[in-house]
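Q: Take a look and give me a structure for this.
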Amino acid sequence: MTPRKFQGPIVDVWANLPGLGAAIPEVARLFAYSHSDPEIADKKRTPDEVIALMDEAGITYACMSAWSRPGKMIFSNEEVAQYTRAYPNRILGLAAVDLHNPVEAVKELEHYVKVEGFVGLRVVPWLWNLPPTDAHYWPLFVKCIELDIPFLTQVGHTAPACPSEVGRPIPYIDTIALKFPDLKIIMGHIGYPWAAETVAVAWKHKNVYIDTSAWSPKYYAPEFVHFANTTGREKVMFGTNFPQLGWKACVDRVNEYLVDTKGGFRENSIKDFMGGNAIRVLKLPPVNLDKPKSNL
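A: Below you'll find the model as predicted:
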């Protein structure tokens, strides 16, 4: 029997510019371990080509992030803005900043949110070997609260050959959620091998959420799926880590493994997970599914 397909808005809250696999050696290693398609992972794409890939998969919105590491912007906020300007109703920007220069980082974040319409800040702790409790983050947390945007960060081990400790949900996310209770936090990558910790922290704090980026739906942690179907229905979001994982492959696997299947999502949970929660938390534009995707 052909599985029922999910019908509704789909938001990828954790995506990257095409060509990421060729830009960061540590990420290239992750992509190799993940058997990523080089045609998707390593090849740069125009905004029109990105939209075509989104449409093929049925993706309504993609939140696309810049990348910063010590001493270097790998993909600048301005590069991301070239995509968001081309398709402001489909591609949303996530800012990246230089943690080592907090004054300029706050200014850059404010500019790209207020002027370019970016919808969040994303920091990957393993690139800096600094957990989110480090003081370099704190001015940015205050600015995120002021701008009413979320802080997105990686939790869990690092497949790249970098220290994993900075990705622990407990104590790091738990601590900053207590220190900054008004800060919206989206924990990316489910948190393996600490998925139970990730769920516990999201359950505990009203403004803490989990996204599934970097994990194929076939391999979502059972703790996460149970949380999504019960007390965490409003705390979970779909993410891919595109181009590590292709959009169509991820959506196809959601339909194959998680829609109307034993051990999958309940009908009301899947709607919130695939798009409803992200639209609410990131304050994305309302969706008119009667319009062509490129004109949403």
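Q: Can you show me the strands along the stretch 101-250 of the chain?
A: Listed in chain order, the strands of the stretch 101-250 of the chain (DSSP state E, counting those that start in this stretch) span 120-123, 151-154, 185-188, 208-211, 236-237.
Q: since we're on the residue nearest to Met187 when sequence neighbours are not counted, how many residues are nearby?
A: Take Met187 and drop its neighbours on the chain: the residue closest to it by CB to CB, 6 or more residues apart in numbering is Val155, 4.4 Å away. The C-beta positions use only the backbone N, C-alpha and C, and glycine is treated the same way. By other CB atoms under 10 Å, the residues close to Val155 number 29.
Q: thinking again about what came up before, make CSV out of the strands of the stretch 101-250 of the chain and add mean pLDDT.
A: Formatted as CSV, the strands of the stretch 101-250 of the chain follow (pLDDT from 0 to 100):
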stretch, mean pLDDT
strand 120-123, 98
strand 151-154, 98
strand 185-188, 98
strand 208-211, 98
strand 236-237, 98
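Q: Would you confirm that the residue nearest to Met187 contacts Trp194?
A: Yes - the pair Val155 / Trp194 is scored as a contact, 7.2 Å apart, by CB atoms under 8 Å.
Q: re the thing from before, okay if I get the strands of the stretch 101-250 of the chain as a markdown table plus mean neighbour count and distance to Lys114?
A: Below are the strands of the stretch 101-250 of the chain laid out as a markdown table (neighbours: other CB atoms under 10 Å; distance: least, CB to CB, whole Å):
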| stretch | mean neighbour count | distance to Lys114 |
| --- | --- | --- |
| strand 120-123 | 25 | 13 |
| strand 151-154 | 25 | 17 |
| strand 185-188 | 27 | 21 |
| strand 208-211 | 26 | 23 |
| strand 236-237 | 28 | 24 |
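Q: which one of these lies closest to Met274?
A: Closest of the strands of the stretch 101-250 of the chain to Met274 is strand 236-237, at 8.6 Å (criterion: CB to CB).
Q: Neighbouring strands - and their directions - for the closest one?
A: If you go by DSSP bridges, strand 236-237 pairs up with strand 208-211 (parallel).
Q: beta partners for the closest residue to Phe273 other than its chain neighbours?
A: Excluding the flanking residues, the one nearest Phe273 by CB to CB, 6+ apart is Val236, at 4.9 Å. Bridge pairing for Val236 (DSSP bridges) gives the partners Ile210.
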